[in-house]
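*Asks:* requesting a structural model of the entry that follows:
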Amino acid sequence: MVSKNRDRKARAVGINHVALEVGDIKEALEFYGNFLEFDTQSQSESAAFIYFGDQFINFMTGRSQGPDRNRHFGIAVDDKELARSRLKQIGVELIDSRFLDFLDPWGNRIEITTYENIQFSKADHVLQGMGLGHLKKTDKALSELKAKGLAP
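*Replies:* Here you go, the predicted structure:
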């Protein structure tokens, strides 16, 4: 008898965290802390875990490759222009693109996006717990979510 579970696959629920290689943990916490608010849950000389509510970035030492040209990950923020201003204040060179992209000091490419304009969503209770209960999706983002059956 062939099991009906043979073709069944696990369904992805979301991204829990990203592991990001850096050269120095203290320097990474200082660099990212210059333009983002986050909670540091645990830190050692070789790793740190910074939380954005229910998701986190795991900084770990060991970056050895060159700068990322296309590979990147996005961080959704409440105020993209504030992030842009802070990045400029600390001397970060922005990548010439239609997005707010830059390389961190270790060559990791980061894209900053605005929470309201994208499909990615946090549960209302998580936003409230983060002090971000005022954030609302744009009509365009809501339409995209509705088209996928992910919004009323």
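*Asks:* for the closest residue to residue 94 other than its chain neighbours, give me its contacts.
*Replies:* Across the structure, with Cβ to Cβ, 6 or more residues apart in numbering as the measure, the residue nearest residue 94 apart from its sequence neighbours is residue 102 (5.2 Å). The way it works is simple: take the backbone N, C-alpha and C, and place the C-beta from them, glycine included. By Cβ atoms under 8 Å, 6 or more residues apart in numbering, the contact set of residue 102 is 87, 92-95, 109-110.
*Asks:* max pairwise distance over those: which two?
*Replies:* Using Cβ to Cβ, the two most remote members of the contacts of residue 102 are 87 and 109, lying 13.3 Å apart.
*Asks:* all strands for this structure, in order.
*Replies:* For the chain, the strands defined by DSSP state E cover 17-22, 39-43, 47-52, 55-61, 72-77, 94-95, 100-103, 109-114.
*Asks:* now tabulate these in a markdown table and tack on distance to residue 136 and mean pLDDT.
*Replies:* Formatted as a markdown table, the entries for the strands of the chain read as follows, by distance: least, Cβ to Cβ, whole Å; pLDDT from 0 to 100:
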| stretch | distance to residue 136 | mean pLDDT |
| --- | --- | --- |
| strand 17-22 | 26 | 96 |
| strand 39-43 | 24 | 95 |
| strand 47-52 | 18 | 97 |
| strand 55-61 | 20 | 97 |
| strand 72-77 | 14 | 96 |
| strand 94-95 | 27 | 97 |
| strand 100-103 | 21 | 98 |
| strand 109-114 | 12 | 96 |
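*Asks:* could I get those strands as TSV with distance to residue 32?
*Replies:* What follows is the strands of the chain, written out as TSV (distance: least, Cβ to Cβ, whole Å):
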stretch	distance to residue 32
strand 17-22	9
strand 39-43	10
strand 47-52	7
strand 55-61	8
strand 72-77	9
strand 94-95	16
strand 100-103	12
strand 109-114	9
